[in-house]
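Novice: This is a predicted model, with the sequence first.
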Amino acid sequence: MTTTANIADLRKDYKLASLDEGDVAPSPLAQFDKWFKEALNAELPEPNAMTLATCDAQARPSARIVLIKGYDERGFVYFTNYESHKAQDLAANNRAAMLFFWPELERQIRIQGRVEKISAADSDDYYRSRPLASRIGAWASPQSQVIPSRTTLEARVAAFEAEYGENPPRPSHWGGYRVVPQVMEFWQGRRSRLHDRIQYRLNNAVWKIERLAP
């Protein structure tokens with residue numbers, strides 16, 4: 001196997017913090033809230049960016065970076081085109097995995113769960129809060145579809161700007177999803193790759209807290 005010189009020697013020894021079962025919140029959403037606020041306070045670039053992994057009906061995986069736009073005890077919300085690649089995956093298989101990676105804090109959060117659409121009213125509320133260009137973009141982009149050129153996309157933007165002006169309605173093909181967690185893992189880097197991994201697993205509506213081997 002050919003590799004870039006020295007790639008095998010790339011490594012970092014993690015030493016910023018530790019994580020113990022006795023230190024975490026009873027609820028994984030409360031623990032997420034704590035860590036997310038610490039990421040905000042650390043002024044990390046786009047702390048709400050996460051990898052979202054889905055599978056299609058043939059169990060072929062696909063992953064991409066998306067931005068969460070809200071979270072509470074029900075789960076994590078993001079927005080997309082309901083006709084996109086990831087939406088088609090979810091129509092066939094409503095299970096997904098999420099990963100937040102904050103290298104500056106030597107932390108990861110892994111989430112597995114089912115996915116559901118949020119209400120139309122909640123999607124409307126968020127859509128209205130977006131900048132005008134983003135609202136028009138939701139109309140103009142046939143997300144994940146092949147298009148002839150950038151010029152084609154720009155022409156669609158101009159057409160929808162002319163049609164809707166400054167008050168475009170939310171497209172019916174665009175809205176929010178909620179990932180409802182069933183397993184969440186909080187990973188804190190430690191020295192010598194002996195990382196702390198605390199897992200929450202939903203069992204009969206009760207969150208069970210467990211330590212995983214690194």
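Specialist: Perfect, I can see it now. Numbering: from 1, shown residues only.

Novice: Tell me where the protein has helices.
Specialist: Remark: helices assigned in the chain by DSSP state H are 28-41, 85-92, 120-129, 132-140, 150-164.

Novice: Make JSON lines from those and add mean pLDDT to it.
Specialist: Formatted as JSON lines, the helices of the chain follow (pLDDT from 0 to 100):
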{"stretch": "helix 28-41", "mean pLDDT": "98"}
{"stretch": "helix 85-92", "mean pLDDT": "97"}
{"stretch": "helix 120-129", "mean pLDDT": "98"}
{"stretch": "helix 132-140", "mean pLDDT": "98"}
{"stretch": "helix 150-164", "mean pLDDT": "98"}
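
Novice: wait, which of the ones you listed is closest to Arg197?
Specialist: Proximity to Arg197 (CB to CB) singles out helix 28-41 among the helices of the chain, at 13.0 Å. All C-beta spots, glycine's among them, are computed from the backbone N, C-alpha and C.

Novice: Would you mark the buried spots in that closest one?
Specialist: Of all the residues in helix 28-41, those buried under the rule 16 or more other CB atoms under 10 Å are 28-29, 31-32, 35-36, 39.

Novice: Contact partners for Ile198?
Specialist: 19-21, 24, 185-186, 209-212 (CB atoms under 8 Å, 6 or more residues apart in numbering).

Novice: scratch that, Pro168
Specialist: By CB under 8 Å, 6+ apart, the contact set of Pro168 is 132, 135-136, 139, 160.

Novice: if you set the cut-off to 7 Å instead, what comes out?
Specialist: Pro168 makes contact with 135-136, 139, 160 under the criterion CB atoms under 7 Å, 6 or more residues apart in numbering.

Novice: out of those, who's nearest Arg60?
Specialist: Once CB to CB is applied, the member of the contacts of Pro168 that ends up nearest Arg60 is Trp139, at 29.3 Å.

Novice: got the contact list for the closest residue to Tyr14 other than its chain neighbours?
Specialist: Leaving aside its chain neighbours, Tyr14 sits nearest to Gly189 (2.7 Å; criterion: CB to CB, 6 or more residues apart in numbering). Residues near Gly189 by CB under 7 Å, 6+ apart: 14, 106, 195.
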